[in-house]
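# Make a model of this:
(3 chains)
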Amino acid sequence: MRANLSDRLLQHYVDKCRALPWRSPPGSPPPDSYRVWLSEVMLQQTTVAAVTPRFERFLARWPTVEALAAALDEDVLAEWAGLGYYARARNLIACAREVAARGGFPTTEAGLRALPGIGDYTAAAIAAIAFGAHAVVIDANVERVTCRLFALAAPTRGDLRAAVASITPAERAGDFAQAMMDLGATICRPRAPLCDSCPLRDDCRAFASGNPERFPAPKAKAAKPVRHGVAQWIERDGAIWLVRRPTKGLLGGMAALPGPVWTAERQANAPELARVRHVFTHFALELAVVAAADPVGEGWWQPFDTLADAGLPTLYRRAVDAVLTERGRIAA
DNA sequence: AAATCGTGGTG
DNA sequence: TCACCAAGATT
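Numbering: from 1, shown residues only, chains lettered A, B, ... in the order given. Alright, predicted model coming up:
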């Protein structure tokens, strides 16, 4: 029965075969390793819908790993703006330069795992998808589907890996992994799974239990404190003063509005031009935008008509939008 | 090894 | 509206 599981899953996947730009149809020759790597890094903690258009833009601008390795850091970061988790972009640059210097991607899981920005999941995924390796690929989708198949509430990493390995076929591990992830994204969803449409329903112990959503057990939720920040609006001759954030930490290396470090308490400040609330992974930020006269420190004048090219992360893009919207309202 | 690191979509 | 969470990696 288990021998049929991967076959049925793959057949279901082939029948649907969502047209993703970075993959070729199941069973066809492995796609280009650069495209697989780029898409997998972009997809870390990021939805297919969000990645798809950004992947196309990125690939058109830097078609090869050598081209990406030769790019300016600031250009890559600007192209990444809005995608979040900017350490990925910094690691992407470092990885591209290592790969270009060594003349290509490593073809083994261990070799890939040693590159910056490539962890357990991404190494296994690239090895399986791009190089046909028999790798055990585990992302959040694979974990959820597997936990439900075997009715595992909170397995250890070793037990989970053993369970995934037990259903990974000897051939086409890459197609199998993509089929599992697609199933997890579209049918075996975290909430309200569509068990009636599932090709694995008859194998699923969670379905048999009558309450598949119990598997895996939900993880503990951390409280999300509010922090407060001030951003300075410094405008001159149709341009605005931008700075670059420190390379480490939140929004590291990204373009930004200048301003002091964010604090737990709200700071007394000048009249606000606008205010935005932005939710990060582990805290929410109340950012007040205030007018200031003269630029301080390192930075540059960014003309308003090229602001879209500045590569502002979403927080600051929204802050700028809020000021311009408020200004338009007053003018009207 | 628990904390850190973005953003947008959805049930 | 809002809690949840996504093709995780790093330190």
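# can you give me the strands in the stretch 151-300 of chain A?
A:226-233, A:235-236, A:239-244, A:255-256, A:272-279, A:284-291, A:300-303 (DSSP state E, counting those that start in this stretch).
# most neighbours per residue, which of those strands?
Of those, the one with the most neighbours on average (mean count of other CB atoms under 10 Å) is strand A:255-256, at a mean of 21. Bear in mind the C-beta positions are built from the backbone N, C-alpha and C, glycine included.
# For the stretch 151-300 of chain A, which residues are neighbours of DNA strand B?
A:189, A:191-192, A:222, A:249-252, A:278-282 (CB under 7 Å from any atom of the strand).
# if we can go back for a sec, got the strands of the stretch 151-300 of chain A as CSV, with mean pLDDT and distance to A:T46 columns?
Formatted as CSV, the strands of the stretch 151-300 of chain A follow (pLDDT from 0 to 100; distance: least, CB to CB, whole Å):
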stretch, mean pLDDT, distance to A:T46
strand A:226-233, 96, 24
strand A:235-236, 96, 33
strand A:239-244, 98, 23
strand A:255-256, 98, 20
strand A:272-279, 96, 16
strand A:284-291, 96, 20
strand A:300-303, 98, 26
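# Quick one: closest of the ones you listed to A:Y86.
strand A:255-256 (10.9 Å; CB to CB).
# ok, so of the residues of the stretch 151-300 of chain A next to DNA strand B, who is nearest A:W62?
A:G252 (20.8 Å).
# now the strands of the stretch 151-300 of chain A as TSV including distance to A:A127?
Shown next, in TSV, are these (distance: least, CB to CB, whole Å):
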stretch	distance to A:A127
strand A:226-233	40
strand A:235-236	51
strand A:239-244	36
strand A:255-256	35
strand A:272-279	35
strand A:284-291	39
strand A:300-303	42
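# DNA strand C: which of those strands is closest?
strand A:272-279 (7.3 Å; CB to the nearest atom of the strand).
# Determine the set of other helices and strands touching that closest one.
When contacts are defined as 3 or more CB pairs under 8 Å, 6 or more residues apart in numbering; DSSP states H and E, strand A:272-279 packs onto strand A:284-291, helix A:314-331.
# circling back: closest to A:Q302 among the residues of the stretch 151-300 of chain A next to DNA strand B?
For these, the nearest to A:Q302 is A:L251 (16.4 Å; CB to CB).
# how many other residues sit next to the closest one?
Per other CB atoms under 10 Å, the neighbour tally for A:L251 reads 20.
# Perfect, I'm done here.
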